[in-house]
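J.: coords please:
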Amino acid sequence: MKRIGILGGTFDPPHLGHLIISNEVLNAFHLDEIWFMPNQKPPHKKQSHAINDGDRVNLLKLAISGHPKFKIELIELERSGPSFTYDTMKILKERHPDKQFFFIIGADMIEYLPKWKNIDELIKLVQFIGVNRPSYKHESQYPILFRDVPNMEISSSLIRKRLKENETIQYLVPDSVRNYIKENNLYGS
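T.: Reported below is the predicted structural model:
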């Protein structure tokens, strides 16, 4: 049975933190692949995406290119409305009964788990893997595997802010992502 890690997010834009976390989890838990899953509308966020879905997917393709175990799963972009993990995992388990899924979340989401839709059923569908984030705890009443990863204060919102203020994002995102953002005038660059 293939072991698949899933990293969901807005990836608006994808950055080195996403890649480092994924690589750390992939190797620490001997996973076969990591599927990056851009979401349609995260239930816990109020604002919409800063760029369109096509550009987010293109940036993600560029970010993961060159890593043979990194893939993109577009299931949440195929559906409309809020992207609830429970609904997504039910569909993925039906489509891929031969795969075991591990859902990667930051410590900020570990604290938020009690508020997730159908969390008691969700933990039967997927094994959560938590990773540390500064200022958040990783204790939970739910069964979560945990991986310490290098602490990085990199976020998509930081990158968007820097681009808006005409500051550098070099070494925060892969060069291919930075070039695509610049060539397509994304985020006010």
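
J.: Going by neighbour count, list what's buried in stretch 119-128.
T.: Ile119, Leu122, Ile123, Leu125, Val126, Phe128 (16 or more other C-beta atoms under 10 Å). The C-beta positions use only the backbone N, C-alpha and C, and glycine is treated the same way.

J.: and those as CSV, adding secondary structure, pLDDT and distance to Asn58?
T.: Putting the buried residues of stretch 119-128 into CSV (DSSP: H, G, I helix; E, B strand; the rest coil; pLDDT from 0 to 100; distance: C-beta to C-beta, whole Å) gives the following:
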residue, secondary structure, pLDDT, distance to Asn58
Ile119, helix, 92, 33
Leu122, helix, 93, 30
Ile123, helix, 93, 34
Leu125, helix, 93, 30
Val126, coil, 95, 28
Phe128, strand, 94, 29
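
J.: of all those residues, which comes closest to Tyr142?
T.: Using C-beta to C-beta, Ile123 is the member of the buried residues of stretch 119-128 that sits closest to Tyr142, with 5.6 Å.

J.: How many neighbouring residues does the closest residue to that closest one other than its chain neighbours have?
T.: Sequence neighbours aside, Tyr142 is the residue nearest to Ile123 in space, at 5.6 Å (criterion: C-beta to C-beta, 6 or more residues apart in numbering). When neighbours are defined as other C-beta atoms under 10 Å, Tyr142 has 14 of them.

J.: Likewise for Glu76?
T.: Neighbour tally, Glu76, other C-beta under 10 Å: 22.

J.: same question, Ser80
T.: Neighbours of Ser80 (other C-beta under 10 Å): 8.

J.: How much space separates it from Gln40?
T.: According to C-beta to C-beta, to the nearest Å, Ser80 and Gln40 sit 7 Å apart.

J.: For this protein, give me the ranges with low pLDDT.
T.: Within the chain, the stretches with pLDDT under 70 are 41-49, 134-137, 189.

J.: in it, which spans are strands?
T.: If DSSP state E is used as the criterion, the strands of the chain fall at 2-9, 33-38, 70-72, 99-106, 127-131, 144-147.

J.: how about the CA coordinates for the second one, as PDB?
T.: Extracted as PDB, the C-alpha positions of strand 33-38 are listed here (Å, rounded to 0.1, in the frame of the first residue of the first chain):
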ATOM      1  CA  GLU A  33       4.800  10.700  -2.400                       C
ATOM      2  CA  ILE A  34       3.700  14.100  -1.200                       C
ATOM      3  CA  TRP A  35       0.600  15.500  -2.900                       C
ATOM      4  CA  PHE A  36       0.300  19.300  -2.800                       C
ATOM      5  CA  MET A  37      -3.400  20.100  -2.700                       C
ATOM      6  CA  PRO A  38      -4.400  23.700  -3.500                       C
END
